[in-house]
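*Asks:* Fold the following for me, if possible:
(one chain, ligands or ions: 2)
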Amino acid sequence: MVQLSASVCLLGGLMGLYLLMPVLMALTPPSMCTALKTLNNSLSHRHRYMKHNFPLNYTIMVHYEEVYKLSNIGKMVKRRQGVDDLVLQRLWFQVNQGVLKKIIRVLPKRHPSRPFTAELERRFKDVEGLFVQSHPSEALQQELPEKVQDKWDRLTEEPERVPQSSWRFSTPKSLLDNFCHTMYCLFSDCFTDTDTEHDYCGASRRRKGRKKDLQPES
Ligand SMILES: *[C@@H]1O[C@H](CO)[C@@H](O)[C@H](O)[C@H]1NC(C)=O
Ligand SMILES: *[C@@H]1O[C@H](CO)[C@@H](O)[C@H](O)[C@H]1NC(C)=O
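*Replies:* Ligands and ions are numbered 1, 2, ... in the order given. Here you go, the predicted structure:
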């Protein structure tokens, strides 16, 4: 009886694993992981450069779609709108390119956060270059699922044509928090050791869950 319930648990665990697969399947090439970790090093200083160096509660105006959080990814994956890893990663690059541009735009030339942001952008571009190299161009030009294409179109719309209701005010720090957390989720194979207490994309839950399932019941 004990054995039976243990194997039911194991089966449940494996099925849970299967459901998470769409997000966890793709393997990131080692060179790109290295570049992502370099980017992660920059991002680890975001508190100082994106919060301390700004006036209290300073916000910038961004597209609604540029608030790209883990919960948005979870929703898109859950609804299965033909959304896979590659689509989410392409969206991640598009969103954060815009976010970095908007942050740089508000920084005066001599602002103490300017060199940091410029370096962050350089490192981000390095990762993007490797991303483009590591996928066949057909894969990157593949048509996007309709809902994602809508988001994409709004992101690339001329600012003057974006309706008032589509703008949001966000702090630079919270935008970079999203940038960082979604990176851990979308490139989770490069960040398996990072901060395992957090459940980025369910990846750490998977590891913990499996361990528990495999423990003999007493
Ligand atoms: C990413 O940066 C965090 C600090 O923000 C650090 O704790 C973590 O070890 C880094 N991960 C990798 C894989 O470099
Ligand atoms: C900044 O935001 C916090 C939390 O939202 C709020 O409690 C505080 O009053 C704000 N400070 C200023 C100066 O607006």
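*Asks:* Figure out the helix or strand that the most centrally placed residue in the chain lives in.
*Replies:* What sits nearest the mean C-alpha location of the chain, by C-alpha atoms, centre = their mean, is residue 182, with 2.1 Å. Residue 182 is part of helix 172-186, with elements assigned from DSSP states H and E.
*Asks:* For that helix, enumerate the helices and strands it packs against.
*Replies:* If you count contacts as 3 or more C-beta pairs under 8 Å, 6 or more residues apart in numbering; DSSP states H and E, helix 172-186 packs onto helix 30-43, helix 46-47, strand 60-63, helix 70-78, helix 85-106. C-beta: built from backbone N, CA, C; applies to glycine.
*Asks:* Checking residue 168 next. Helix, strand or coil?
*Replies:* In the three-state summary, residue 168 is assigned as strand, counting by DSSP: H, G, I helix; E, B strand; the rest coil.
*Asks:* Now for it: which residues touch it?
*Replies:* By C-beta atoms under 8 Å, 6 or more residues apart in numbering, residue 168 lies in contact with 61-64, 66-67.
*Asks:* same check, this time on residue 29
*Replies:* Contacts of residue 29 by C-beta under 8 Å, 6+ apart are 130, 134.
*Asks:* Read off the pLDDT value for it.
*Replies:* For residue 29, the model assigns a pLDDT of 92.
*Asks:* for residue 93, same thing?
*Replies:* On the pLDDT scale, residue 93 gets 95.
*Asks:* Tell me the spacing between it and ligand 1.
*Replies:* Residue 93 is 19 Å from ligand 1, where distance means C-beta to the nearest ligand atom, to the nearest Å.
*Asks:* same thing with residue 162?
*Replies:* 32 Å.
*Asks:* Next, the contact list for that residue, please.
*Replies:* Residue 162 neighbours (C-beta under 8 Å, 6+ apart): 63, 154.
*Asks:* how about 10 Å then?
*Replies:* Contacts for residue 162 (C-beta atoms under 10 Å, 6 or more residues apart in numbering) come out as 61, 63-64, 154-155.
*Asks:* Ramachandran angles for it?
*Replies:* Here is the backbone geometry of residue 162 (degrees, to the nearest 10): phi -80, psi 120.
*Asks:* quick check, the helix holding residue 182 touching ligand 1?
*Replies:* No: judged by C-beta under 6 Å from any ligand atom, helix 172-186 and ligand 1 are separated, with a smallest distance of 7.2 Å.
*Asks:* Do you know the pLDDT at whichever residue of the chain sits closest to ligand 1?
*Replies:* Nearest residue of the chain to ligand 1 (C-beta to the nearest ligand atom) works out as residue 44 at 3.3 Å. Residue-level confidence at residue 44 comes out at 96, pLDDT.
*Asks:* Nice, that's everything, thank you.
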